[in-house]
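In: Predicted coordinates and the sequence they were generated for:
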Amino acid sequence: MSAQPYDSHRLCELAGELIVNVRELAARGWTPATSSNFSQRIDERHAAITVSGRDKGRLREADIMVVDLDGAAVGSDHRPSAETLLHTQLYRRSADIGCILHTHSQHQTVASRLFAGAGHVRLEGYELLKAFAGNTTHEAAVNVPVLPNSQHMPTLAAQVDALLDRGPLWGYLIDGHGLYAWGRDMAEARRHLEAFDFLLGCELELARLTGSR
Ligand SMILES: CSC[C@@H](O)[C@@H](O)C(=O)COP(=O)(O)O
Ligand SMILES: [Zn+2]
């Protein structure tokens, strides 16, 4: 039997980390109805990603597979996430990206609808902005882009590429869909995801209280 083209011990470790974290996110109600997808970089040519259509609240090892950075399955007959290209494009683009988390929480979905017309959600004045890697003060502002939804991943990927050309980015919303967030590793990606979700919740509550939208 030929050896795997990646380090299988590393895959095991990453899969274990994915299972624990994804189940926790699912328990918060952020992955309804099998939605959401998750991945971690194995090496410069491979990533571990969730199999399409699996219940993220019950994620287990068999629900995680390996793809190359063109999105092709490696050593598996399963179908990787329908949104695999949105993961692999980021891994291809930056060696600093090691983990990508995509969820469909209510904050994320409602905010994406409310701010789709503006094309972004502006987050400013929050202490929690320091949760984003590189931000050292609450005085920074972060614009979360909102992309139109599409089932055509190359269309979405091209828009994400254009956003990345403009400067640092930790995540984006897709209208009526959810949030993509990433980081160097699971801990950083999760910190970004949680900060986005909390701050989007604040913006929604402010809009409700002030009737500003
Ligand atoms: C169950 S609807 C959600 C999907 O269309 C998609 O947006 C999603 O997040 C999960 O797709 P998947 O192919 O399981 O990775
Ligand atoms: Zn999705």
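Out: Nice, thanks for sending it over. Ligands and ions are numbered 1, 2, ... in the order given.
In: wait, isn't R28 in contact with S105?
Out: Yes: using CB atoms under 8 Å, R28 is in contact with S105, at 7.3 Å. For every residue, glycine as well, the C-beta is placed using N, CA and C.
In: Which one of those two is surrounded by more residues?
Out: Higher neighbour count among R28 and S105: S105, with 23 against 11, using other CB atoms under 10 Å.
In: Contacts only, for the more buried one.
Out: The contact partners of S105, by CB atoms under 8 Å, 6 or more residues apart in numbering, come to 28-30, 178-179, 197.
In: What are the contacting residues of the helix ranked longest in the chain?
Out: Taking DSSP state H as the criterion, the chain has its longest helix at helix 186-210. Contacts to helix 186-210, defined as CB under 8 Å, 6+ apart, come from residues 17-18, 21, 25, 30, 40, 98-101, 103, 105, 107-108, 110-111, 114-115, 121, 123, 126, 128-129, 131-133, 144, 170-171, 179, 181-183, 212-213.
In: can you tell me which of the residues you listed are up against ligand 1?
Out: With CB under 6 Å from any ligand atom as the criterion, the contacts of helix 186-210 include none near ligand 1.
In: From those, which land in helices?
Out: 17-18, 21, 25, 107-108, 110-111, 114.
In: what residues does the chain put near ligand 1?
Out: 33-37, 50, 52-53, 81-83, 102.
In: which sections of the chain are below the confidence cut-off?
Out: Low-confidence segments of the chain (pLDDT under 70): 1-2.
In: check contacts around D165.
Out: Contacts of D165 by CB under 8 Å, 6+ apart: none found.
In: what about it, which helix or strand?
Out: helix 153-166 (DSSP states H and E).
In: how far is that helix from where the chain is centred?
Out: Offset of helix 153-166 from its chain centre (CA atoms, centre = their mean, to the nearest Å): 14 Å.
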